[in-house]
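1. predicted model, plus sequence, below.
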Amino acid sequence: MKSAAKSNFRIAIVFLLLFGTGILPVASQSVYVGQFGKQGKVLKQYIEPAALKKLTENPVDSIWIIDVRSEKAYMNGHIPTARSYPVGTITSRFTEIPNTQYLIIYCTVGANAKIASKYLKKAGYRRYINWGGISRWEWEKATEISSYPKQ
């Protein structure tokens, strides 16, 4: 019994050390963060949360932030200036998203943003990047429907 307790204690210590050093937080990050379309490399400058925050404070007409989570999740809190295009409806709404725009796509953890990216690529979009999940956003979330930028 004592050896099982010692073993569990050792496992807990290793876990705490890994978590404390940042290995687990990095490992838990979406592997899709930063994947971009052929012309989306320019958006890599916004991959860090602080850089995206600056963009939300000083929006650029040619860059849209796209939230591909459900409408309910969007209404409960989203990155300021983000537009809602749930991944399940995005293919039927391509006419609303000009392929000349640069698109920063995010979801909950990055997986649905990857799916949306695949749809966009198949439809001929090339200016996008998977920003990952909203859990990376450290600041206050907006709850109003974003009207910026106007089409």
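-> Arrived safely.

2. mind listing what's buried in whatever helix or strand Lys118 lives in?
-> Using DSSP states H and E, Lys118 sits in helix 111-122. Using 16 or more other CB atoms under 10 Å as the test for burial, helix 111-122 gives 111-117, 120. All C-beta spots, glycine's among them, are computed from the backbone N, C-alpha and C.

3. CA atoms of that helix as PDB?
-> Taking Å, rounded to 0.1, in the frame of the first residue of the first chain, the C-alpha atoms of helix 111-122 are listed here in PDB:
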ATOM      1  CA  ALA A 111     -10.500  22.000 -34.400                       C
ATOM      2  CA  ASN A 112     -13.700  23.600 -35.900                       C
ATOM      3  CA  ALA A 113     -11.600  26.500 -37.200                       C
ATOM      4  CA  LYS A 114      -9.500  23.800 -39.000                       C
ATOM      5  CA  ILE A 115     -12.700  22.400 -40.500                       C
ATOM      6  CA  ALA A 116     -13.800  25.900 -41.600                       C
ATOM      7  CA  SER A 117     -10.400  26.400 -43.100                       C
ATOM      8  CA  LYS A 118     -10.800  23.300 -45.200                       C
ATOM      9  CA  TYR A 119     -14.200  24.500 -46.400                       C
ATOM     10  CA  LEU A 120     -12.700  27.900 -47.300                       C
ATOM     11  CA  LYS A 121      -9.800  26.400 -49.100                       C
ATOM     12  CA  LYS A 122     -12.100  24.100 -51.100                       C
END
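
4. among the helices and strands of this structure, which has the poorest mean pLDDT?
-> helix 23-27 (a mean of 43; mean pLDDT, DSSP states H and E).

5. after that one, heading C-terminal, what element do we hit next?
-> For helix 23-27, the following helix or strand on the C-terminal side (DSSP H and E) is helix 49-57.
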